[in-house]
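S.K.: Here is my input; please provide its structure:
(one chain, ligands or ions: 2)
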Amino acid sequence: MVTDTLRHFIDGEFTGSAKDFPKLSPVTGEMLCRVAEAGESDVDDAVAAARQALRGPWARTTELERAAVLRRVADEAERRFDDLVAAEVADTGKPVDQARTLDVPRAAANFRAFADIVSAAAGESFLTGTAGGGRALNYAVRKPVGVVAVIVPWNLPLLLLTWKVAPALACGDTVVVKPSEETPSSAAVLAEIVRDAGLPPGVFNLVHGFGPDSAGEYLVRHPGVDAITFTGESATGATIGRSAADGVKAVSFELGGKNAGIVFADADLDAAVAGTVRSAFTNGGQVCLCTERLYVQRPVFEEFTERLAARAREAVFGWPTDPGLTTMPLISRDHREKVLGYYRLARDEGAEVHVGGDHPVFGDARDGGAYVRPTVLTGLGEHTRTNREEIFGPVCHVAPFDDEDEAYALANDSDYGLAAAVWTRDVGRAHRAGSALDVGLVWVNTWFLRDLRSPFGGTKASGIGREGGLRSLDFYTETTNVCVDLG
Ligand SMILES: NC(=O)C1=CN([C@@H]2O[C@H](COP(=O)(O)OP(=O)(O)OC[C@H]3O[C@@H](n4cnc5c(N)ncnc54)[C@H](O)[C@@H]3O)[C@@H](O)[C@H]2O)C=CC1
Ligand SMILES: O=C(O)/C=C/C=C(\O)C(=O)O
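M.R.: Numbering: from 1, shown residues only. Ligands and ions are numbered 1, 2, ... in the order given. From the prediction side, this is the model:
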């Protein structure tokens with residue numbers, strides 16, 4: 001168990017604060033550590049360090065030099081693999097197996113991918129005719145956008161943090177990151193990693209704390225911050241957007257989802273069931289991409305629902321170190337209360353609960369934790385709160401549909417527009433779904449299969465902008481067009 005107080009990392013040094021707060025284990029509810037809470041002066045110091053570093057040696061690095069730094073960070077992250085796994089598992093209660101195969105490898109991959117992307121990115125140039133019959137050369141120069149505030153949630157803490165930090169550093173920015181108050185530990189290890197990889201002081205700064213009236217709010221409204229990148233709840237995005245508007249700051253928002261899955265009768269049902277088990281229940285359903293609304297074509301609706309419920313009934317609970325787990329606790333007792341509240345609401349709204357709808361009782365220390373049972377529901381109308389609001393737990397409502405147009409209409413009838421998973425053997429339909437669905441990401445016969453060069457983000461209440469590949473370079477840089485009259 002971690003016992004120290006976790007500290008901020010500002011200008012290359014770990015520093016404390018007058019205030020701190022406890023971090024509790026989602027597995028047992030016991031205290032894991034205390035965490036320093038940044039006040040306004042800590043955030044001022046972090047932003048000042050980041051601004052100062054923009055004028056230091058970091059400003060003179062080339063893209064290839066920064067790519068080399070990113071690769072050293074990836075190497076160091078792999079050297080500290082076990083520490084990162086331990087930090088991530090302690091904070092979230094996720095299975096060690098998952099942290100070892102998804103969260104931590106993806107952190108190293110984020111640094112390597114953006115090292116490659118920034119090394120290979122071509123510039124833009126145009127030869128332009130002039131009135132006198134000569135030529136002018138227009139070319140675009142990418143420059144760092146400046147100090148970037150990176151605000152991330154607790155569900156995939158290291159994965160989401162590095163998804164933003166890596167491209168920002170690749171572009172020559174400096175960052176002040178604020179991880180979720182629920183998951184401070186892997187960010188603290190990352191601070192050691194970037195220091196040991198040779199990042200100059202002030203380029204990467206870390207402040208801990210909460211959102212409103214705390215580190216998060218101080219950071220996003222700070223005049224020394226040039227751009228804000230945020231992943232989290234849509235309502236929080238709206239609040240941060242108001243601060244950003246006051247300061248005319250660039251924003252990139254990856255927000256919530258109420259994602260649809262669509263299973264056509266021609267699908268490989270074994271693959272569709274297995275894929276939906278993943279898309280609904282991975283990480284305790286706490287991924288913005290998770291399927292919470294499932295539409296199944298009528299001829300296979302009953303069979304599919306029964307098979308999905310059977311798989312949920314077989315859910316394997318255990319301790320994070322156990323092999324073969326298919327469940328994990330939610331992040332906190334507060335979040336468990338929210339999810340159990342939705343389970344009650346679903347019943348009140350008239351749902352049939354095929355499996356779950358409650359929490360397990362272990363008879364050991366895990367009863368102090370934040371576990372719930374995976375839940376499969378049917379019978380609710382499209383306009384119930386259960387079917388419209390993001391629950392962010394291991395729960396999925398299944399409804400029948402008759403034809404393709406109806407499936408897309410049902411899926412699109414949402415305030416959100418992040419992701420969809422479509423299961424079909426019909427190639428034409430697979431491509432039609434890509435155009436018909438009003439979301440940023442459509443997976444066909446798979447889910448959460450990522451290529452870090454591709455655009456990532458959502459429509460409607462699910463976000464503003466896209467990150468990934470060249471889209472990230474666009475967000476994390478300013479562009480100056482230079483026009484030279486060549487005579
Ligand atoms: N990716 C997603 O779609 C996620 C959705 N959620 C949903 O959001 C709900 C609340 O979870 P939270 O962790 O509280 O999400 P949140 O969106 O409130 O917090 C995410 C991050 O933003 C910070 N933050 C909160 N308010 C802020 C403010 N006014 N200014 C600056 N920073 C601020 C938090 O400290 C945290 O680091 C969950 O129950 C879940 O339903 C949570 C995490 C991720
Ligand atoms: O793969 C990614 O980059 C992101 C995955 C998940 C989220 O963004 C989220 O759960 O918020």
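S.K.: Which residue is the nearest non-sequential neighbour of the residue nearest the centre of the chain?
M.R.: By CA atoms, centre = their mean, the chain has its centre lying nearest to Leu160, at 4.4 Å. By the measure of CB to CB, 6 or more residues apart in numbering, the closest residue to Leu160 outside its immediate chain neighbours is Val152, 4.5 Å from it. Every C-beta, even on glycine, is put in place using the N, C-alpha and C of the backbone.
S.K.: Indicate the residue of the stretch 1-150 of the chain located nearest to ligand 2.
M.R.: Using CB to the nearest ligand atom, the point where the stretch 1-150 of the chain gets nearest to ligand 2 is Arg106, with a distance of 7.1 Å.
S.K.: Name the secondary structure element that contains that residue.
M.R.: Mapping Arg106 onto the secondary structure by DSSP states H and E places it in helix 104-120.
S.K.: buried set for that helix?
M.R.: Buried positions in helix 104-120, judged by neighbour count with 16 or more other CB atoms under 10 Å: 104-118.
S.K.: Kindly report the same for stretch 246-253.
M.R.: 249-253.
S.K.: Equivalent analysis for stretch 336-353, please.
M.R.: Of the residues in stretch 336-353, those buried by neighbour count under the rule 16+ other CB under 10 Å are 336, 339-340, 342-343, 346, 349, 351, 353.
S.K.: And it, how far out from the chain middle?
M.R.: Relative to the chain's own centre, stretch 336-353 is displaced by 25 Å; criterion: CA atoms, centre = their mean, to the nearest Å.
S.K.: try stretch 379-389
M.R.: 25 Å.
S.K.: how far does that stretch stretch from start to finish?
M.R.: Between the opening and closing residues of stretch 379-389 lies a distance of 16 Å (CA to CA, to the nearest Å).
S.K.: Same question for stretch 377-389.
M.R.: 15 Å.
S.K.: Report the rounded mean pLDDT for that stretch.
M.R.: Averaging the model's pLDDT scores along stretch 377-389 yields 98.
S.K.: Kindly report the same for stretch 5-17.
M.R.: Here stretch 5-17 scores 98 as its mean pLDDT.
S.K.: Tell me the buried residues in that stretch?
M.R.: Neighbour-count burial for stretch 5-17 flags 5-12, 15, 17 (criterion: 16+ other CB under 10 Å).
S.K.: Spell out which parts of the stretch 251-400 of the chain neighbour ligand 2.
M.R.: 254, 287-289 (CB under 6 Å from any ligand atom).
S.K.: now, which of the residues you listed lie close to ligand 1?
M.R.: Here is what survives when these are matched to ligand 1 using CB under 6 Å from any ligand atom: Cys288.
S.K.: What about the residues of the stretch 251-400 of the chain next to ligand 2, which are in strands?
M.R.: Using DSSP state E to define strands, the subset of those located there is Glu254.
S.K.: Would you check which pair of the residues of the stretch 251-400 of the chain next to ligand 2 lies furthest apart?
M.R.: Distance extremes for those: the farthest pair is Glu254 and Val287 at 11.5 Å, using CB to CB.
S.K.: Between these two, point out the one with more neighbours.
M.R.: Each of Glu254 and Val287 had its neighbours counted (other CB atoms under 10 Å), and the higher figure belongs to Glu254 (27 against 22).
S.K.: now the more buried one, nearest residue through space, not along the chain?
M.R.: Nearest non-adjacent residue to Glu254 (CB to CB, 6+ apart): Thr231, at 4.3 Å.
S.K.: Count the residues that sit near the one you found.
M.R.: When neighbours are counted by other CB under 10 Å, Thr231 comes out with 27.
S.K.: coming back round to it: and which of the buried residues of stretch 5-17 is nearest Gly457?
M.R.: Nearest to Gly457 among those is Phe9, at 28.1 Å by CB to CB.
S.K.: Surely the closest one is in contact with Asn205?
M.R.: Yes: taking CB atoms under 8 Å as the definition, Phe9 is a contact partner of Asn205 at 6.2 Å.
S.K.: Taking the buried residues of stretch 336-353 together, which two end up most distant?
M.R.: Farthest pair in those (CB to CB) is Arg336 and Glu349. Separation: 20.1 Å.
S.K.: How about residues contacting the helix or strand hosting Thr128?
M.R.: Secondary structure here is read from DSSP H and E; on that basis Thr128 sits in strand 125-129. The list of residues contacting strand 125-129 from outside it, by CB atoms under 8 Å, 6 or more residues apart in numbering, reads 135-140, 483.
S.K.: okay if I get those residues as a markdown table plus secondary structure, distance to ligand 1 and pLDDT?
M.R.: Compiled in a markdown table, those are given as follows (DSSP: H, G, I helix; E, B strand; the rest coil; distance: CB to the nearest ligand atom, whole Å; pLDDT from 0 to 100):
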| residue | secondary structure | distance to ligand 1 | pLDDT |
| --- | --- | --- | --- |
| Arg135 | strand | 49 | 98 |
| Ala136 | strand | 44 | 98 |
| Leu137 | strand | 43 | 98 |
| Asn138 | strand | 39 | 98 |
| Tyr139 | strand | 37 | 98 |
| Ala140 | strand | 32 | 98 |
| Cys483 | strand | 39 | 98 |
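S.K.: Could you dump the residues you listed into JSON lines with distance to ligand 2 and neighbour count added?
M.R.: Conversion of those to JSON lines gives the following (distance: CB to the nearest ligand atom, whole Å; neighbours: other CB atoms under 10 Å):
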{"residue": "Arg135", "distance to ligand 2": "43", "neighbour count": "13"}
{"residue": "Ala136", "distance to ligand 2": "40", "neighbour count": "14"}
{"residue": "Leu137", "distance to ligand 2": "37", "neighbour count": "13"}
{"residue": "Asn138", "distance to ligand 2": "34", "neighbour count": "13"}
{"residue": "Tyr139", "distance to ligand 2": "31", "neighbour count": "14"}
{"residue": "Ala140", "distance to ligand 2": "27", "neighbour count": "13"}
{"residue": "Cys483", "distance to ligand 2": "37", "neighbour count": "10"}
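S.K.: which of these sit farthest apart?
M.R.: Looking across the contacts of strand 125-129, with CB to CB as the criterion, the two at the greatest separation are Arg135 and Ala140, at 17.3 Å.
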